[in-house]
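Engineer: Got a predicted structure here, sequence first:
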Amino acid sequence: MALKYVVKKTTFGFDKDKAEKYVARPFNAVNVDFKTLCDQVTRVGFVPRGTVKSVLDGLIDSLKTYMEIGASVSLGEFGTFRPSFGCKSQDEAKGVTTETLKNRKIIFTPGSLLKGMIKTVSIQKLELPETEGNASGGGGNEGGGEAPDPTE
């Protein structure tokens, strides 16, 4: 298996000339939903689907509990989740308040198993047929529409 990419025409805002350039963008051909993931874990782990769903639901609830108190949560080889946020800079320390906080997020840092996988997986260009809406050689599913079938 290989990761796929498409070539997209992009205008960079930091470029004073607003020149158009071409960049590689990952092509995500499919989204795996929670039910499908549970079914796959059931097949691989020989555990009943209901047990897999219960364990994953419990994991999500536990992650939420610990991250609400500011804890980083390690899931071993899988990786670590930690809560984070950004802040608008202030000229004085007293200006930094909860109102200056922004962009609350959860940061996931992959563990060694996933880091090793992403470093060694092959990458291939996905050639999409030229169409009226695809004249730049781009593609992917960034627009929210149906992704083209790469096997056609």
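Structural biologist: On my side now, so go ahead.

Engineer: List the contacts of the helix ranked longest in the chain.
Structural biologist: Using DSSP state H, we find that the single longest helix of the chain is helix 49-67. By Cβ atoms under 8 Å, 6 or more residues apart in numbering, the residues outside helix 49-67 that reach it are 34, 37-39, 41-42, 45, 73, 75, 81-83, 106. C-beta here means a position set from N, CA and C on the backbone, and glycine is covered the same way.

Engineer: Lys8 pairs with what?
Structural biologist: Val23 (DSSP bridges).

Engineer: quick one: it and Lys16, what's the gap?
Structural biologist: According to Cβ to Cβ, to the nearest Å, Lys8 and Lys16 sit 21 Å apart.

Engineer: Looking at the two, which has the bigger crowd around it?
Structural biologist: Per other Cβ atoms under 10 Å, whichever of Lys8 and Lys16 has more neighbours is Lys8, with 16 against 7.

Engineer: Surely that one is in contact with Arg25?
Structural biologist: Yes. Using Cβ atoms under 8 Å, Lys8 is in contact with Arg25, at 4.8 Å.

Engineer: follow-up on the earlier one: CA atoms of the longest helix of the chain as CSV?
Structural biologist: The C-alpha coordinates for helix 49-67 follow below in CSV (Å, rounded to 0.1, in the frame of the first residue of the first chain):
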residue,chain,number,x,y,z
ARG,A,49,-17.7,-6.0,18.5
GLY,A,50,-19.6,-4.9,21.6
THR,A,51,-16.6,-5.3,23.8
VAL,A,52,-14.4,-3.3,21.3
LYS,A,53,-17.0,-0.5,21.2
SER,A,54,-17.3,-0.4,25.0
VAL,A,55,-13.5,-0.3,25.5
LEU,A,56,-13.1,2.5,22.9
ASP,A,57,-16.1,4.5,24.5
GLY,A,58,-14.4,4.1,27.9
LEU,A,59,-11.1,5.2,26.5
ILE,A,60,-12.7,8.4,25.0
ASP,A,61,-14.4,9.1,28.3
SER,A,62,-11.2,8.6,30.2
LEU,A,63,-9.2,10.8,27.8
LYS,A,64,-11.8,13.5,28.4
THR,A,65,-11.6,13.2,32.2
TYR,A,66,-7.8,13.5,32.3
MET,A,67,-7.4,16.2,29.7
